[in-house]
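Asker: Mind looking at a prediction? Sequence and model below.
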Amino acid sequence: MMPWLLLLGLLASGVPQEESGGRGRSAFFAFADREYIFTVEMVKPGIPLLNFVSMTDGNARLLARNVRLEIGNRRAACRLLAVEAGDFQQPMMVPALTIHPRSSFGVRLEGDFGQEVELDGASIRIGNEDFRLAPLSRQEFEMLVLRVNRLNLGSPDFREDWRVLGLEPLGRRLARRK
């Protein structure tokens, strides 16, 4: 769960971000269901982070170009995913990564995001499904991160974890038209 701890550290770092009240423009977006949890957060102007948790039993392929952020009246597709390699190394830039079963990970998104501190929307396509992330306020986002950090990825029954942690579905999952 290290990426989620990194995320909390960035939240506490004092980076100016607006409260959204959970609607419209926001620096924080999330999707959650019993298979995946995705979050997108603008940690600095023009610098978004993507974190995910997979509660599935199979691999999924995440292509950078399938992560789209809405900025004003345009959609900005991610070009690359920046994976931190270590404390003193440059991040590795990759066009795709594999989401492994029962795992969590975080990456920085590389693309033409200007100096935006808030987004109008965020979506992720994996296979033939689109995940539309919901806007959250800073407080809602921090509460979600605290709960997600407590998920047991080795659990035989995630429904019980969801109930105990008080997690609720967020965002929308849509089958993609062919």
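Answerer: Arrived safely.

Asker: Could you use CA atoms for every contact and neighbour count after this?
Answerer: Will do.

Asker: continuing past the helix or strand of the chain with the lowest mean pLDDT, what's the next helix or strand?
Answerer: Lowest by mean pLDDT, DSSP states H and E among the helices and strands of the chain is helix 2-11, with a mean of 44. With elements assigned by DSSP states H and E, the helix or strand that comes after helix 2-11 is strand 28-32.

Asker: Please identify the pairing partners of the helix or strand following that following strand and their relative orientation?
Answerer: Later in the chain than strand 28-32, the nearest helix or strand by DSSP H and E is strand 36-44. Looking at strand 36-44 with DSSP bridges, its partner strands are strand 28-32 (antiparallel), strand 47-54 (antiparallel).

Asker: what does the last one contact?
Answerer: Meaning strand 47-54. 3-4, 35-43, 99-110, 113, 115 (CA atoms under 8 Å, 6 or more residues apart in numbering).

Asker: mind listing the helices for this protein?
Answerer: Under the criterion DSSP state H, the chain contains helices at 2-11, 138-148, 158-165.

Asker: Please identify the buried residues of the last one?
Answerer: Spelled out, it's helix 158-165. 158, 161-162 (16 or more other CA atoms under 10 Å).

Asker: ok, now the second one?
Answerer: By neighbour count, and taking 16+ other CA under 10 Å as the criterion, the buried residues in helix 138-148 are 138, 140-142, 144-145, 147-148.

Asker: likewise stretch 171-178?
Answerer: Using 16+ other CA under 10 Å as the test for burial, stretch 171-178 gives 171, 173.

Asker: export it as PDB, just CAs?
Answerer: In PDB, the C-alpha atoms belonging to stretch 171-178 read as follows (Å, rounded to 0.1, in the frame of the first residue of the first chain):
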ATOM      1  CA  GLY A 171     -18.200   6.800 -10.300                       C
ATOM      2  CA  ARG A 172     -19.600   4.900 -13.200                       C
ATOM      3  CA  ARG A 173     -18.500   1.700 -15.000                       C
ATOM      4  CA  LEU A 174     -19.700   1.500 -18.600                       C
ATOM      5  CA  ALA A 175     -19.300  -1.100 -21.300                       C
ATOM      6  CA  ARG A 176     -17.600   0.500 -24.300                       C
ATOM      7  CA  ARG A 177     -19.400   0.400 -27.600                       C
ATOM      8  CA  LYS A 178     -17.500  -1.200 -30.400                       C
END
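
Asker: what comes into contact with that stretch?
Answerer: Counting by CA under 8 Å, 6+ apart, 30-32, 128-134 sit against stretch 171-178.

Asker: Tell me the spacing between the residue nearest in space to the middle of the chain and Q90.
Answerer: The chain has T39 as the residue nearest its centroid, 2.2 Å off, counting by CA atoms, centre = their mean. Going from T39 to Q90 by CA to CA, to the nearest Å gives 23 Å.
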